[in-house]
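Student: What follows is a predicted protein model with its sequence.
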Amino acid sequence: MFQKSIKNSFTLEGRGLHLGKDVEIVVHPAPADHGIVFKRTDVDACHAYIKASFENVSKTYLRTQLTNSFGISIVTAEHILAAFAGLGIHNALIELGEEEIPILDGSSRMFVKAILESGVAELDKKINLYQVVNSIRVGNSDAWAELRPAKTFSIDFEMDWPGTALGNQSLDMPIVNGAFVREICDSRTFCRKSDVVRLKDEGFAIGGGIENAIVVGEDEMIAHNGLRYSDECVRHKILDALGDLSLVGKPILGKFVSCSGGHGLTNMLLRESFKRGDIFVSKEFSDEDRDKLPGFDISNADIKNLL
């Protein structure tokens, strides 16, 4: 099987969740082994490129921020990264004239729709993947993240918000073929109602609102047009995890498990995995792996929630 990119460039416009600025992104096809790369068009061209890599993650509080060696950053990258990973897109160039990726509806849905409408192009080099061969866990008894060997790629996530309408949610899902498109990509970000004022005072969620986030109160969860799933919040945590895990630069064949984790623990897990050196082995993608990873054999039934 071969690496993929998009066939045609596309443009999306929206507002950044945390910085609240209007931004336009233009996503272009890219050649094999290019990877996912962001380009800031508002800075000097020699400083503008930021590779989507776990080594470039500079901040993880409430979002994933990527920063290059010149100090130029991209904020809230996780949703578009999840869209690429969930569709098996390995190479793309994303141009934007601001620091933050637009939040759109708070999920990956509009990114996925735009990618599929642009078309998917098969390139001239084969896919390599990382197979998990040993387990590793980071965190503590209250919040942790783990990678385990497994025959298919899956994410098992549990979260607990006592004293809120969210309560405890958990989901263990194989992220194979069109499962991300069908079950995960339209799950929206969320926050506690009691945190809204504090976050805005701290300079976060300036662009947040009911149109792009679920607000979790003590007795109810408020969402534009209602919840898309009864467990939409934990599905969004799976979405975020997929985006953050994609920063290894290759598909992962293994199982990711987390309890009350987030961007920080996922990045810590990846850093510790490569520091140890015995968690992954790199192997060439084979036909037998086709049904073990996301982005292959996506059907019309999978994309009906995008229409």
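Tutor: Ah, there it is.

Student: so Gly35 sits right up against Tyr49, yeah?
Tutor: No: using C-beta atoms under 8 Å as the test, Gly35 is too far from Tyr49 to be in contact (10.7 Å). In short, each C-beta sits where N, CA and C put it, glycine included.

Student: Select the helix or strand of the chain having the lowest average pLDDT value.
Tutor: None of the helices or strands of the chain scores lower by mean pLDDT, DSSP states H and E than helix 196-201, at a mean of 89.

Student: and it, how far from the chain's centre?
Tutor: Distance of helix 196-201 from its chain centroid, counting by C-alpha atoms, centre = their mean, to the nearest Å, is 24 Å.

Student: which outside residues touch whatever helix or strand comes next after that helix?
Tutor: Sequence-wise, the next helix or strand downstream of helix 196-201 (DSSP states H and E) is strand 214-216. By C-beta atoms under 8 Å, 6 or more residues apart in numbering, the surrounding residues in contact with strand 214-216 are 106, 161, 164-166, 188-193, 196, 221-223, 227, 232-233.

Student: Can you select the buried ones among those for me in PyMOL?
Tutor: Those of these that count as buried under 16 or more other C-beta atoms under 10 Å are selected in PyMOL with:
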select buried, resi 106+164+166+188+189+190+191+192+193+196+221+223+232+233
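
Student: gap between Val43 and Gly71?
Tutor: According to C-beta to C-beta, to the nearest Å, Val43 and Gly71 sit 10 Å apart.

Student: of those two, who's got more company?
Tutor: A direct count of neighbours by other C-beta atoms under 10 Å for Val43 and Gly71 places Val43 higher, at 15 against 9.

Student: residues contacting the closest residue to that one other than its chain neighbours?
Tutor: Leaving aside its sequence neighbours, Val43 sits nearest to Ile72 (C-beta to C-beta, 6 or more residues apart in numbering; 5.6 Å). When contacts are counted by C-beta under 8 Å, 6+ apart, Ile72 touches 40, 43, 47-48, 50.

Student: Next: Gly264.
Tutor: Gly264 neighbours (C-beta under 8 Å, 6+ apart): 60-61.

Student: Phe157 now?
Tutor: Counting by C-beta under 8 Å, 6+ apart, Phe157 touches 170-172, 234, 237-238, 241, 257-259, 261.

Student: Going through these, which ones are buried?
Tutor: 171, 234, 237-238, 241, 257-259, 261.

Student: Distance to Ile127, secondary structure and pLDDT for those - can I get that in JSON lines?
Tutor: What follows is the buried ones among the contacts of Phe157, written out as JSON lines (distance: C-beta to C-beta, whole Å; DSSP: H, G, I helix; E, B strand; the rest coil; pLDDT from 0 to 100):
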{"residue": "Leu171", "distance to Ile127": "27", "secondary structure": "strand", "pLDDT": "98"}
{"residue": "Val234", "distance to Ile127": "29", "secondary structure": "helix", "pLDDT": "98"}
{"residue": "Lys237", "distance to Ile127": "27", "secondary structure": "helix", "pLDDT": "98"}
{"residue": "Ile238", "distance to Ile127": "22", "secondary structure": "helix", "pLDDT": "98"}
{"residue": "Ala241", "distance to Ile127": "21", "secondary structure": "helix", "pLDDT": "98"}
{"residue": "Val257", "distance to Ile127": "24", "secondary structure": "strand", "pLDDT": "98"}
{"residue": "Ser258", "distance to Ile127": "26", "secondary structure": "strand", "pLDDT": "98"}
{"residue": "Cys259", "distance to Ile127": "31", "secondary structure": "strand", "pLDDT": "98"}
{"residue": "Gly261", "distance to Ile127": "27", "secondary structure": "coil", "pLDDT": "97"}
